[in-house]
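Visitor: Structure for the following, please:
(one chain, ligands or ions: 1)
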Amino acid sequence: MKGDPILRLTQARINQGKTVILSDVDLHISQGDFQYLIGSTGSGKSSLLKTLYGDLPLKEGSGEVCGIKLNNLKEKEIPGLRRRIGIVFQDFQLLTDRSVHDNLKFVLQATGWTSKKEINKKIQEVLGKVGMDQKESKMPHQLSGGEQQRVAIARALLNDPQLILADEPTGNLDPSTSEEIMILLEQISNSGRAILMATHDYSLILKFPHETLKCENGTVFNTVQNSL
Ligand SMILES: Nc1ncnc2c1ncn2[C@@H]1O[C@H](COP(=O)(O)OP(=O)(O)OP(=O)(O)O)[C@@H](O)[C@H]1O
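Guide: Numbers count the residues shown, from 1 in each chain. Have a look, this model is predicted:
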């Protein structure tokens, strides 16, 4: 299950407008890999992830994510890219005016699902994977932070992505809830999906060790645990 390349950046440059944030970025992620992305505030972690999901253009170097080339990515190609990636944010980004079920239904309908039966089945399936199948009718404000993040992870799984990009997914959670979310992300990775997770939380990295990339001095390099 492990091995097939899912994400490749070669000599990539990451920009915010005209400002160069990271240069000479080489990144390889294969099916089932779990990699952390660390670095101090403002070092470019979110900018790198945004480039990978088509929110920032890749102007130099080359890149491919889930079979889609990032160079010269056209506006109309972005939804196709996003369908192949699951994205998880620090602040969950659930729609606050609708239930868990309707949050997930909204994404499925927006990505072309029409059969009510298939939609309901898929929602049950992803909520089951994150242990939230009993909370389908709850509103986001009726859930704890950890539960909201579980729903956000379920949402990321809806279109069966090969890759999950997680930007500080435990940033708003207490230590024990963070560990629960890590266990869930590891299960997802063990089922063959690749995960790239930006984090500030070194204690989680020590407890759940994985390959670690560091953004520093305008580039990205592999680092080892004892040099964190
Ligand atoms: N929308 C934007 N427009 C212009 N510059 C930006 C924008 N967003 C971020 N930057 C700049 O890009 C640099 C990298 O920011 P980025 O958010 O990628 O860092 P980060 O490592 O994710 O930081 P943090 O850990 O605080 O989330 C910073 O200097 C930041 O000021």
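Visitor: Now residue 70. Nearest residue, chain neighbours left out?
Guide: Closest residue to residue 70 apart from its sequence neighbours, by Cβ to Cβ, 6 or more residues apart in numbering: residue 63 at 3.7 Å. Where C-beta positions appear, they are placed from N, C-alpha and C, glycine not excepted.
Visitor: actually residue 11, not the one I wrote
Guide: For residue 11, the spatially nearest residue (Cβ to Cβ, 6+ apart) is residue 61, at 4.0 Å.
Visitor: count of neighbours near the one you found?
Guide: Using other Cβ atoms under 10 Å, residue 61 has 18 neighbouring residues.
Visitor: can you pull the alpha-carbon coordinates of the helix or strand where it lies into PDB?
Guide: Assigned by DSSP states H and E, residue 61 falls within strand 60-65. Output of strand 60-65 as PDB, limited to C-alpha atoms (Å, rounded to 0.1, in the frame of the first residue of the first chain):
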ATOM      1  CA  GLU A  60       9.200  28.400 -10.100                       C
ATOM      2  CA  GLY A  61      10.200  24.800 -10.000                       C
ATOM      3  CA  SER A  62       7.800  22.000 -10.600                       C
ATOM      4  CA  GLY A  63       5.200  20.300  -8.500                       C
ATOM      5  CA  GLU A  64       2.600  17.600  -8.800                       C
ATOM      6  CA  VAL A  65      -0.100  16.600  -6.200                       C
END
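Visitor: Next, find the distance separating residue 33 from the ligand.
Guide: When distance is defined by Cβ to the nearest ligand atom, to the nearest Å, residue 33 is 21 Å away from the ligand.
Visitor: ok, that residue - how many residues close by?
Guide: 20.
Visitor: and the residue nearest to it when sequence neighbours are not counted, what does it touch?
Guide: Among residues not flanking residue 33 along the chain, residue 194 sits closest, at 4.8 Å (Cβ to Cβ, 6+ apart). Shown in contact with residue 194 (Cβ atoms under 8 Å, 6 or more residues apart in numbering): 6, 7, 29, 30, 31, 32, 33, 34, 35, 162, 163, 164.
Visitor: still on that earlier bit, and the residue nearest to residue 70, bridged to which residues?
Guide: Note on residue 63: beta-bridge partners by DSSP bridges are residue 9.
Visitor: quick one: it and residue 9 touch, right?
Guide: Yes: if you go by Cβ atoms under 8 Å, residue 63 and residue 9 touch, sitting 4.5 Å apart.
Visitor: can you list residues touching both of the two?
Guide: Common neighbours of residue 63 and residue 9 (Cβ under 8 Å, 6+ apart) are 52, 70.
Visitor: Great, nothing more from me.
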